[in-house]
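[1] below is the sequence, then the predicted model.
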Amino acid sequence: MAEMLSGADMLVRALQDEGVDYLFGYPGGAALHIYDAIFKQQKVEHILVRHEQAATHMADGYARATGRPGVVLVTSGPGATNAITGIATAHMDSTPIIVISGQVQRHQIGTDAFQETDMVGISRPVVKHSFLVQEAAEIPEVVRKAFYIASSGRPGPVVIDIPKDTTDPNETFPYEYPREVELRSYNPTTRGHGGQIRKAVKLLLGAKRPVIYTGGGVVQGDAAAHLTELARLLDFPVTNTLMGLGGFPGTDRQFLGMLGMHGTFEANMAMHHADTIFAVGARFDDRVTNDPAKFCPDARIIHLDVDPASISKIIAADVPIVGPADSVLAEMLRVVRRELDRDPAAVDRHTLGAWWDCIGGWRERHGLDHDQRHRGDTPLLPQQVVQAVYRATNGDAYVTSDVGQHQMFAAQYYKFDEPRRWINSGGLGTMGFGLPAAMGVQFAFPRAPVVCITGEGSFMMNMQELSTCMQYALPIKIVNLNNQALGMVKQWQDMQYGGRHSHSTYRDALPDFVALAESFGHVGLRVESLAELEAAIPKMFSARYADRLVFLDAWIDPDEHVYPMAVKGGAMSEMVLERDGARVDGAAAPVK
Amino acid sequence: MTARRIIAVLLENEAGALSRIIGLFAQRNYNIESLTVAPTEDPTLSRLTLTTAGDDRTMEQITKQLNKLIEGVKVVDLTDGDHLERELMMVKVRAEGLRRAEVKRTADIFRGQIIDVATDAYTVQLTGPSDKLDAFLRAVGSQAVIEVARSGVAGIGRGDKVLSLG
C-alpha cells in the first residue's frame, strides 16, 4: 500500500527522494502548506534568505559548485517575481536549478487575486521548462520530470508553480516516486556522431595553427579531465571563456588565458591567426567574437556542443558535433591515440613548434602587467588584491564574483586549475550574484575556502544576505574592491563618453563597510595600501577567522581600468593593451 | 536569401504549450506571418502550422529552437520538400446593383462559394494556397472588400511523407 500524503507532503517527500539537502527559500501565504510540511521533517534543510533573488543565486552557486540541481522555494506574486533575475541568470549560464513557487488557489487563477502573478508566463523566456501543477496527484511526477529536465542535456532552470489548494493538508493521495520519466518530446543527445568525430580528428591532426577554445560546457559537462588529456596529447594551445575558466588548468604552459573582450593578447591573437579552432561547450558569445564578420578569417571551425541550437548560431561550423562534451572528448581521445599509434608523426610537432614560437612572441605583450608598472604603496591596485588572495588561498579556493571590473580582474589574475571553482554570472551579468552564490557554495562545502570577490556597487545589491550569513554562521571571505564607483560603467564613460561620469559615482554616500559587517556580527577589515593589504590578507585567511565571515574593504585606485580590452566592433586582433595606449592591430602580426 | 517557409509542428496538447511557441518567436525576433493550431487524431497532440520568412541561417535556428522546446514533439519545414498548402478565407464583398453579378462571376472563376447573402453584400468562401486568396482579393478590388477572415495556412507533405510520432 502506498503511503497517503497531502500535496505539500508529497512535494517535500519528492525532494527527499531526489536527494535534495538544501532548499533556499522565503515563506508567504501561497506556500504555507508547503512550509508546514517542511517543518515536520528533517531531511531537507530549509535556508531562510532575506530576498528571493538571493535564494535563486544560492541555489545557482550550489549547482555550479556541485553539479547537482539547486532548489528554491518562494511564494506567489512578489516572491515569484523576485526570483526572476536569478532564474534568468541560471538560464543564460545553463545551470540546473529548480524554482518552486506557490500560486493562488486554482479557482482564483486569473482573477487578480491577492499576490497572484502569472509565474509560468512571466518566467517563460528564461526557463528551460516550467510546470503549472493542475492536480495534486501529479506532484511527484512533475518533480521527477523537473529534475530530469533541469540536469540533463544542456542544463537549465525549471519552474514548478503550485496552486495552494493542490497542497491542502486535508486531501491525501497515494505517494509513489516515479523511478523514471518518459518524455517523448525530449531526448537529449548522449553520444556524438562517430563520422563527425573522425572528421574532426582529421582536421585537428592536419592543423598548422590550432587553438582549443572552451567554455562553460566543459565545466558543466564534467569534461575538464578529458579535455586536458586531449590538449596535452596534441600539445595544442587552450583558451577559456569567462564561463570556462578551470576547464583547463590555469597554470598550465599550454594555457593562453581567457579570451575575448578582456582576454589576454596571446589568446585573442592566437584565435585570430588560427587555421583550426576547436570550440567545446562555448557559444561564440559577442564578448568573445567581437564583430562576427571579422572573426578569425582563416579558421576552420569544429564546434562541439550538447545543444544543437548553439552550433552555427553566430559562427558557421565546418564540423558540427552534437553531444555531451565528456563522452565526445573521450571518443576523440580514442581516435587520436589510434592515429598516433599508427603514425607517431600524425601531429606535426615541427609546424606546431613554430606556432608555439609565434604565441610566445604574443605572450611577451600579454597585457596583464599593471601590477608591475605601479610599484608604490598607494594607490592600491585591484590586481594586487586579487593576486594576494590567490597566493593566500594557494589558488585553490572557490571564488565567486559579481559583475564589473572586479569580475574581470578576478578572472584575469586568479588562476583556476580546477573546474567548478570559478563561479560568476557570465551570460546575464547579474550584479548581486556574488555573495549569495558564495553562500550556496559554502552550504555545499562547509569546510572549503569560499571567497567572494566583489565591488561595492554589486555588493550593495544583495548585502541584506549578511544577515543570513550570520544566522547560518557561514565563514565566507568577502573581498570588496572598493573604488567608490560603478567601475566598469565609469571605464566605458572614460573611454567612449569623454569622461562624463553620468550616474556612476556615489562617493559621499557609501556606508562604513567595516562597521556594516560588524553590525551583522562579522569581522570587518579595511585596507588602503599595499602594506595594509599584505598585513590583512594573512589575517583574513588565518585559523583565527576560519569560522567567521570576514569582510575586507579594499580601497583601490578609483581610476584603474581593465586592460587588455578589445576594440569595439573590431576583429579579435584589435586590442588596447594599456591606459591611454594606442590600439594594437595584430592582424598583420608575423605568423611563422 | 529570404524565403517564405511553412513549418509544421507536432506539439504536446498541454496548457501553455502554444504560448511557448509564440513566445519563442517574439523573444528571438522571428516573424510569424500566419499560425494555425488544432488537435490531431491523437488527442494528446496538437498540430501547428506556421508561415514565416527568413534566410537559411534563420530558418535553421527557428527549427532548432522549436525542437528545443520540451513540448515540441516533431518539427518539419514543409518547404524543404514537395508539399500541399491550403488556406480558407471568408470574405464579405460589396455587391450592389451591377456589381452583384460580377462578384458572383469572379467567385465562380476562383471556385469560391457564396455562403451568405445580404441585400448589398455577398460572403464568399474560398480555399487554396495563400496566393490564390490574395489574387481573388485583388480581382474584386480593395474598394469592394468589406471584411476578410482567413484561417492561416495548413500544410502537409506530398506523397508518402508523413509527420507523425514514429
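    Done, it's in. Residues are numbered from 1 along each chain as shown, chains lettered A, B, ... in the order given.
[2] okay, helices next: where are they in chain B?
    Ranges of helices in chain B, per DSSP state H, are B:17-27, B:56-68, B:99-109, B:130-140.
[3] do the stretch 1-150 of chain A as well
    Ranges of helices within the stretch 1-150 of chain A are A:7-17, A:32-39, A:52-66, A:78-92, A:119-123, A:139-151, based on DSSP state H, counting those that start in this stretch.
[4] which of the ones you listed is buried the deepest?
    helix A:52-66 (a mean of 29; mean count of other C-beta atoms under 10 Å in any protein chain shown). Just so you know, the C-beta spots here come from the backbone N, C-alpha and C atoms, and that holds for glycine as well.
[5] out of the helices of chain B, nearest to A:Phe445?
    Distance to A:Phe445, taken as C-beta to C-beta, is lowest for helix B:56-68 among the helices of chain B, at 32.7 Å.
[6] next up, the contacts around the closest residue to B:Gly112 other than its chain neighbours.
    Nearest non-adjacent residue to B:Gly112, counting by C-beta to C-beta, 6 or more residues apart in numbering or on different chains: B:Leu126, 4.2 Å away. If a contact means C-beta atoms under 8 Å, 6 or more residues apart in numbering or on different chains, then B:Leu126 has B:88-89, B:91, B:107, B:110-113, B:132-133, B:136 as its contacts.
[7] distance of B:Leu126 relative to chain A?
    According to C-beta to the nearest C-beta, to the nearest Å, B:Leu126 and chain A sit 35 Å apart.
[8] ok, the closest residue to A:Leu380 other than its chain neighbours to chain B distance?
    Excluding the flanking residues, the one nearest A:Leu380 by C-beta to C-beta, 6+ apart is A:Ile556, at 5.0 Å. Distance from A:Ile556 to chain B, counting by C-beta to the nearest C-beta: 39 Å.
[9] so A:Ile556 sits against A:Asn482, correct?
    Yes. Using C-beta atoms under 8 Å, A:Ile556 is in contact with A:Asn482, at 6.5 Å.
[10] about what we covered before: what's the pLDDT at the residue nearest to A:Leu380?
    On the pLDDT scale, A:Ile556 is placed at 96.
[11] still on that earlier bit, figure out which of the helices of the stretch 1-150 of chain A is closest to A:Thr172.
    helix A:7-17 (7.9 Å).
[12] chain center to the closest one: distance?
    29 Å (C-alpha atoms, centre = their mean, to the nearest Å).
[13] what angle sits between that helix and helix A:32-39?
    50 degrees (axes from the mean of the first three to the mean of the last three C-alpha atoms, to 10 degrees).
[14] before we move on, back to that, which residues touch the residue nearest to A:Leu380?
    With contact taken as C-beta under 8 Å, 6+ apart, A:Ile556 is in contact with A:379-382, A:385, A:481-483.
[15] and what of A:Asn170?
    A:Ser6.
[16] so A:Gly455 sits against A:Asn483, correct?
    Yes. Taking contacts as C-beta under 8 Å, A:Gly455 lies within contact range of A:Asn483: 6.9 Å.
[17] which neighbours do those two share?
    A:Gln405.
[18] of these two, which one has the most company?
    Between A:Gly455 and A:Asn483, counting by other C-beta atoms under 10 Å in any protein chain shown, A:Gly455 is the more crowded of the two (30 against 25).
[19] ok, the residue lying farthest from the centre of chain B - contacts?
    Distance from the centre of chain B peaks at B:Gly97, with 33.4 Å (C-alpha atoms, centre = their mean). Applying C-beta under 8 Å, 6+ apart to B:Gly97 gives no contacts.
[20] measure it to chain A for me?
    Between B:Gly97 and chain A the computed distance is 50 Å (C-beta to the nearest C-beta).
[21] do you know the pLDDT at that residue?
    90.
[22] distance to chain B added to the helices of the stretch 1-150 of chain A, as a markdown table?
    Formatted as a markdown table, those follow (distance: least, C-beta to the nearest C-beta, whole Å):
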| stretch | distance to chain B |
| --- | --- |
| helix A:7-17 | 18 |
| helix A:32-39 | 22 |
| helix A:52-66 | 19 |
| helix A:78-92 | 12 |
| helix A:119-123 | 6 |
| helix A:139-151 | 6 |
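[23] turn these into TSV, including mean pLDDT.
    Below are these laid out as TSV (pLDDT from 0 to 100):
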stretch	mean pLDDT
helix A:7-17	98
helix A:32-39	98
helix A:52-66	98
helix A:78-92	98
helix A:119-123	97
helix A:139-151	98
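[24] mind putting the ones you listed in CSV, distance to B:Glu14 included?
    Formatted as CSV, the helices of the stretch 1-150 of chain A follow (distance: least, C-beta to C-beta, whole Å):
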stretch, distance to B:Glu14
helix A:7-17, 20
helix A:32-39, 24
helix A:52-66, 25
helix A:78-92, 21
helix A:119-123, 11
helix A:139-151, 12
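[25] and the ones you listed: which comes nearest A:Leu530?
    Among the helices of the stretch 1-150 of chain A, the nearest to A:Leu530 by C-beta to C-beta is helix A:52-66 (30.7 Å).
[26] report how many residues lie close to the nearest residue to A:Ile453 once chain neighbours are set aside.
    Excluding the flanking residues, the one nearest A:Ile453 by C-beta to C-beta, 6+ apart is A:Ala410, at 4.3 Å. Using other C-beta under 10 Å, A:Ala410 is surrounded by 30 other residues.
[27] after the strand or helix carrying A:Ala410, which helix or strand is next?
    Assigned by DSSP states H and E, A:Ala410 falls within helix A:405-413. For helix A:405-413, the following helix or strand on the C-terminal side (DSSP H and E) is strand A:422-423.
[28] packing partners for that following strand?
    Under the contact criterion of 3 or more C-beta pairs under 8 Å, 6 or more residues apart in numbering or on different chains; DSSP states H and E, strand A:422-423 touches helix A:52-66, strand A:398-401, helix A:434-444.
[29] on that earlier part again, scan the contacts of A:Ile556 and report the most crowded one.
    Within those, most neighbours by other C-beta under 10 Å means A:Leu481, with 31 neighbours.
[30] surely that residue touches A:Gly457?
    No. The criterion here is C-beta under 8 Å, and A:Leu481 misses it with A:Gly457 at 10.1 Å.
[31] what sits in contact with each of the two?
    Listed as contacting both A:Leu481 and A:Gly457 by C-beta under 8 Å, 6+ apart are A:Gly487.
[32] looking at the stretch 151-300 of chain A, which residue is nearest chain B?
    Nearest to chain B in the stretch 151-300 of chain A, going by C-beta to the nearest C-beta, is A:Ser185, at a distance of 4.2 Å.
[33] which residues touch that residue?
    B:12, B:69-73.
[34] would you say it is within a strand?
    No. With DSSP: H, G, I helix; E, B strand; the rest coil as the criterion, A:Ser185 is coil rather than part of a strand.
[35] could I get the contacting residues of the closest residue to it other than its chain neighbours?
    Using C-beta to C-beta, 6+ apart and skipping residues adjacent in sequence, the residue nearest A:Ser185 is B:Val73, 4.2 Å away. Applying C-beta under 8 Å, 6+ apart to B:Val73 gives the contacts A:184-185, B:9-12, B:45, B:165.
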